[in-house]
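> Got a predicted model here, sequence first, then my questions.
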Amino acid sequence: MGYQLEDFDYDLPHELIAQTPLKQRDSSRLLVLDHETGAYEDKHFYDILAELNPGDAVVMNNSRVLPARLHGEKPETHGHVEVLLLNNTEGDTWETLIKPAKKFPVGQEIKFGNGELTAIVTEELEHGGRMVEFHYDGIFLEILEALGEMPLPPYIKEKLADQERYQTVYSKVNGSAAAPTAGLHWTPELLAKVEAKGVKLVELTLHVGLGTFRPVEEENIEDHKMHSEFYQLSQEAADTLNEVHANGGRVIATGTTSIRTLETIGTKFNGKLQADSGWTEIFIKPGYQWTTVDAFITNFHLPKSTLVMLVAAFTGRENILNAYQHAIDEKYRFFSFGDAMFVK
């Protein structure tokens, strides 16, 4: 049967949206959900160790969030402009979102900082989008680190005291506009214990686009067009994961971004993994035939979002909505800086 958007709605009290990260990453709560029975259990993230078996693999997205929000001005009027970097299309040309877009037509210059970074608008796109070309001396990423801010999700109103708390401890490949937040719970110490238990740690890359926050507007979810995100899996990682499956171990994804990457490649190559990179628009929703992922860690997602639909594709809609209701009753913290689930 075709699902409607309303089928993935739930009532979330506003005060349960986590505004700041916890002091200790792995002390967040963990709701363990059995996808077949719908049974759930309240734990803490550091208890994940007991859920993992020797011979399993934990997969992590090593993408790093760019400090992609820039504040600049129009040189002529000193009028303020906010530029959000979305996508590096080639060289120093970026697809961006500009506010206020109408004041920045093609040819308009923008100045950032003391002028060490400037940009020219080269093309107008829809919804406030602009292609811009940057000009600077030195290394772009270093200038961005100095001038840019983390683009926190729209539902987080607090300023982030430490920018690294919106990065995973294993982030290394620059390119995301938002953090792969399920990974924020891992600490180096906990990962070391996981590895010592005989669990393989495997990295892949998926650069999270801001499209991940775009609301679903179609009533019939079949009509929703997914955003596109760049992914990469090495041959070494693919070999490790194929071997884990061959030996009866589980592939456990950290976050929906790791799931999107693994299932994109698994679907492409009939359940076997191999080195691959490209752009994915995979839309995982109830009825989806899983190829690769056996269990996963994920945070609590927005009502009516494609991410709730993705989790429901694994657990069934009623199981996930029941678990969410339990989390609300028990005052779990929701969204990016919130608590986690382990779905097995």
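Right, received. Where do you want to start? Residues are numbered from 1 along each chain as shown.
> which helices and strands does the helix or strand hosting Met309 pack with?
For Met309, the host element (DSSP states H and E) is helix 306-315. Judged by 3 or more C-beta pairs under 8 Å, 6 or more residues apart in numbering; DSSP states H and E, the packing partners of helix 306-315 are helix 255-268, strand 295-299, helix 317-329, strand 340-343. In short, each C-beta sits where N, CA and C put it, glycine included.
> what would these look like in JSON lines with mean pLDDT?
Converted to JSON lines, the helices and strands packed on helix 306-315 look like this (pLDDT from 0 to 100):
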{"stretch": "helix 255-268", "mean pLDDT": "97"}
{"stretch": "strand 295-299", "mean pLDDT": "98"}
{"stretch": "helix 317-329", "mean pLDDT": "97"}
{"stretch": "strand 340-343", "mean pLDDT": "98"}
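> Mean neighbour count and distance to Leu147 added to these, as a markdown table?
Below are these laid out as a markdown table (neighbours: other C-beta atoms under 10 Å; distance: least, C-beta to C-beta, whole Å):
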| stretch | mean neighbour count | distance to Leu147 |
| --- | --- | --- |
| helix 255-268 | 25 | 26 |
| strand 295-299 | 24 | 29 |
| helix 317-329 | 18 | 38 |
| strand 340-343 | 25 | 33 |
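> Distance to Ala196 for those - can I get that in JSON lines?
Below are these laid out as JSON lines (distance: least, C-beta to C-beta, whole Å):
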{"stretch": "helix 255-268", "distance to Ala196": "22"}
{"stretch": "strand 295-299", "distance to Ala196": "19"}
{"stretch": "helix 317-329", "distance to Ala196": "30"}
{"stretch": "strand 340-343", "distance to Ala196": "19"}
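> Point out the one among these that comes closest to Ser305.
Ser305 lies closest to helix 255-268 among these, at 9.9 Å (C-beta to C-beta).
> Helices of the stretch 51-200 of the chain, start to end?
For the stretch 51-200 of the chain, the helices defined by DSSP state H, counting those that start in this stretch cover 140-147, 188-196.
> Which positions in the shortest one come out as buried?
By neighbour count, with 16 or more other C-beta atoms under 10 Å as the criterion, the buried positions of helix 140-147 are 143-144, 147.
> What helices and strands are in contact with that helix?
Partner elements for helix 140-147 (3+ C-beta pairs under 8 Å, 6+ apart): none found.
> Mind checking the pLDDT average for that helix?
The pLDDT scores in helix 140-147 average 91.
> Now do it: everything it contacts.
Residues from elsewhere that reach helix 140-147 (C-beta atoms under 8 Å, 6 or more residues apart in numbering): 66-68, 70, 85, 92, 112-113, 116-117, 134, 136, 174.
> Next: the longest one.
By C-beta under 8 Å, 6+ apart, the surrounding residues in contact with helix 188-196 are 26, 45-46, 48-49, 52, 58, 169-170, 201.
> Buried ones among those residues?
Buried subset of the contacts of helix 188-196 (neighbour count, 16+ other C-beta under 10 Å): 26, 45-46, 48, 52, 58, 169-170, 201.
> Dump those to CSV, plus distance to Phe337 and pLDDT.
Output for the buried ones among the contacts of helix 188-196, formatted as CSV (distance: C-beta to C-beta, whole Å; pLDDT from 0 to 100):
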residue, distance to Phe337, pLDDT
Asp26, 14, 97
Phe45, 13, 98
Tyr46, 17, 98
Ile48, 18, 98
Leu52, 24, 98
Val58, 21, 98
Val169, 15, 97
Tyr170, 18, 98
Leu201, 24, 98
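> Out of the residues you listed, which comes closest to Ala275?
Checking the buried ones among the contacts of helix 188-196 one by one against Ala275 (C-beta to C-beta), the nearest turns out to be Leu201, at 18.1 Å.
> what domains does the record give for this protein?
Following automatic domain parsing, one gets these domains for the chain: 5-65+162-343, 69-147.
> quick one: low-confidence parts of the stretch 151-300 of the chain?
Flagging of the stretch 151-300 of the chain using pLDDT under 70 yields the residue ranges 211-214.
> What segments of it are strands?
Along the stretch 151-300 of the chain, counting by DSSP state E, counting those that start in this stretch, strands occupy 173-176, 200-206, 229-233, 251-254, 276-280, 295-299.
> so which of those strands is the most packed in?
strand 251-254 (a mean of 28; mean count of other C-beta atoms under 10 Å).
> what sits up against that one?
For strand 251-254, the surrounding residues in contact (C-beta under 8 Å, 6+ apart) are 52, 56-61, 180, 182-183, 186, 241, 244-245, 259, 262, 292-297.
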